[in-house]
Structure formats: structure tokens, C-alpha cells
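*Asks:* Sequence first, predicted coordinates after that:
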Amino acid sequence: MTVRDLDAPGGTFAHWLIWDLDAHTRRLSAGAHPPGAVEGRDSFGRTGYSSPCPPRGEHPHRYVLTVYATDRRPPLSPGTSPRASPDASSRASLDDLRRALSGHTLATGTLMGRYGR
């Protein structure tokens with residue numbers, strides 16, 4: 001699953017990357033880390049969820065949550081990029097996850113919301 005801001009000043013901004021969610025997961029509580037799930041690096045360079053914070057006064061930003069059904073787990077070691085060492089700065093990015101899902105996505109579901117300050 002990914003959460004992205006399509007209208008960030010620097011281009012698409014990843015707020016959350018999470019995979020290996022149990023297929024029976026029906027809800028995600030704020031701040032919770034589902035058992036067995038793996039989180040990647042957001043566009044702030046942090047692991048986990050980072051809440052939306054669009055610049056004050058701009059038009060509301062579009063936030064897109066996408067859920068992926070895949071035929072395999074992404075071949076990413078726990079939260080790390082396959083091209084780098086396993087320290088926190090090398091956790092898998094949105095591009096790493098997209099590459100890992102390429103050709104293995106069976107279906108997607110998308111929800112978009114708008115938020116401004």
C-alpha cells in the first residue's frame with residue numbers, strides 16, 4: 001500500500017509505503033504497525049507513516065492511497081533497498097517498491113482525498 005501527495009511542490013511525495021500486510025487486514029489504526037508488515041522510506045527519508053502537511057494557503061493537495069494485490073511478496077529484504085546497505089537511510093523507496101511490484105500486481109484499489117491548510 002502506498003499513500004502519496006500528487007501536488008507536493010517538488011513532485012509526487014510518498015507519505016507511506018507498507019507491504020506484507022496480512023490479506024485479512026480490514027483496518028489500520030492511526031500510528032499502528034500491523035504485525036508482519038514492512039514499511040519503506042517515505043519522501044522525508046523516514047520509515048513509517050508521515051502525515052500530510054501541505055503548505056498553508058495553497059490549493060488543497062490530492063492524497064492517493066493505493067492498495068496492491070500481488071502474486072508474491074516484494075523481493076525486498078526487510079525495509080531495505082536491494083541496492084544499498086541495510087541502514088535507515090537505505091530503506092526501500094517508492095521507486096524500489098514500484099520496481100518490485102512490476103509484473104506482479106494482480107489488482108489495485110485507489111482512494112483519493114483532498115486536504116489543505
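*Replies:* On my side now, so go ahead.

*Asks:* packing partners for the helix or strand residue 108 falls within?
*Replies:* Following DSSP states H and E, one finds residue 108 within strand 105-115. With contacts taken as 3 or more CB pairs under 8 Å, 6 or more residues apart in numbering; DSSP states H and E, strand 105-115 sits against strand 61-70. Every C-beta, even on glycine, is put in place using the N, C-alpha and C of the backbone.

*Asks:* Report the secondary structure element holding residue 99.
*Replies:* Going by DSSP H and E, residue 99 is in helix 94-101.

*Asks:* Can you give the contact residues for that helix?
*Replies:* 2, 4, 12, 14, 17, 19, 40, 43, 68, 70, 74-76, 81-83, 92 (CB atoms under 8 Å, 6 or more residues apart in numbering).

*Asks:* are any of those buried, and which?
*Replies:* 2, 4, 14, 17, 19, 40, 43, 68, 74, 76, 81, 92 (16 or more other CB atoms under 10 Å).

*Asks:* Pairing partners for the third one in the sheet, please.
*Replies:* Think residue 14. Residue 14 has these beta-bridge partners by DSSP bridges: residue 4.

*Asks:* And for residue 29, the neighbour number?
*Replies:* By other CB atoms under 10 Å, the residues close to residue 29 number 7.

*Asks:* can you pull the contacts of it?
*Replies:* Counted by CB under 8 Å, 6+ apart, residue 29 has zero contacts.
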